[in-house]
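**Student:** Mind looking at a prediction? Sequence and model below.
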Amino acid sequence: DGGITQSPKYLFRKEGQNVTLSCEQNLNHDAMYWYRQDPGQGLRLIYYSQIVNDFQKGDIAEGYSVSREKKESFPLTVTSAQKNPTAFYLCASSIWQGKGNQPQHFGDGTRLSIL
Amino acid sequence: AQKITQTQPGMFVQEKEAVTLDCTYDTSDPSYGLFWYKQPSSGEMIFLIYQGSYDQQNATEGRYSLNFQKARKSANLVISASQLGDSAMYFCAMREGAGGATNKLIFGTGTLLAVQP
């Protein structure tokens, strides 16, 4: 089945550690996105990528980094510079251009907690 | 700046009744799109329905319909014949930018719907 796979489902980070969240899609979508969701809040955009080897900062990019070496993959690294990383992280993908009615398709998310 | 507002933090509805979830938006772009997503307790985001700013008719998808009032900048989601499985968080989102050239979304803070038997 086509879809988006995020791993791991749960992740724990020690103080000062970098951790990487995986996101893989087999929908042949050009664009991929990373969102952060805090309790009782909506989704906030961290980074997005329209095409391989290119990505743009979203609204809350500080303390995060991404890469887009393959169309299918868009990993997110939460660096030690991110002081409050405990959150639910959602990856999404979509067709970038064309009709604006194309929805974003989401993975099941990764819950990151600080030990 | 573009903004999405959902003023209902939580709502209850009896099973089999209809419920309306409110969403207002603010944008200066004449071309935009509005999306509703459902987020069950498991966390995944499920796309429900889309309304384009130039669409002449209100969008419908099964039990979901959108009450789109452009002059009032509102795009309320109506769920008919509520089911227990409809209990979830519901998010309204707006596509940012004009003319379909970009697909970035801005999300509201969500409404938690609880369907009671």
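**Tutor:** Right, received. Where do you want to start?
**Student:** show me where chain B has strands.
**Tutor:** B:3-5, B:10-14, B:19-21, B:24-26, B:33-39, B:46-52, B:60-61, B:64-69, B:74-79, B:88-95, B:105-107, B:111-116 (DSSP state E).
**Student:** got the buried residues for the fourth one?
**Tutor:** Spelled out, it's strand B:24-26. Within strand B:24-26, the residues that count as buried by 16 or more other C-beta atoms under 10 Å in any protein chain shown are B:24-25. For every residue, glycine as well, the C-beta is placed using N, CA and C.
**Student:** you'd agree A:F12 is up against A:S113?
**Tutor:** Yes. Counting by C-beta atoms under 8 Å, A:F12 sits close enough to A:S113 to count as a contact (5.3 Å).
**Student:** Need phi/psi at the residue lying closest to A:D38 once chain neighbours are set aside.
**Tutor:** Closest residue to A:D38 apart from its sequence neighbours, by C-beta to C-beta, 6 or more residues apart in numbering or on different chains: A:A87 at 5.3 Å. Backbone torsions of A:A87, given as degrees, to the nearest 10, read phi -170, psi 180.
**Student:** now A:A87: how far from chain B?
**Tutor:** From A:A87 over to chain B the distance is 12 Å, taken as C-beta to the nearest C-beta, to the nearest Å.
**Student:** Pull the contacting residues for that residue.
**Tutor:** Applying C-beta atoms under 8 Å, 6 or more residues apart in numbering or on different chains to A:A87 gives the contacts A:36-38, A:111-112.
**Student:** Kindly reformat these as TSV containing pLDDT, secondary structure and neighbour count.
**Tutor:** Rendered in TSV, the data for these read as follows (pLDDT from 0 to 100; DSSP: H, G, I helix; E, B strand; the rest coil; neighbours: other C-beta atoms under 10 Å in any protein chain shown):
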residue	pLDDT	secondary structure	neighbour count
A:R36	97	strand	23
A:Q37	96	strand	22
A:D38	94	coil	12
A:R111	96	strand	15
A:L112	95	strand	21
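**Student:** what residues does chain A put near chain B?
**Tutor:** Applying C-beta under 8 Å from any C-beta of the partner chain, we find that chain A lies next to chain B at A:31, A:33, A:40-45, A:48, A:58, A:88, A:90, A:92, A:94-109, A:111.
**Student:** I am finished for the moment; much appreciated.
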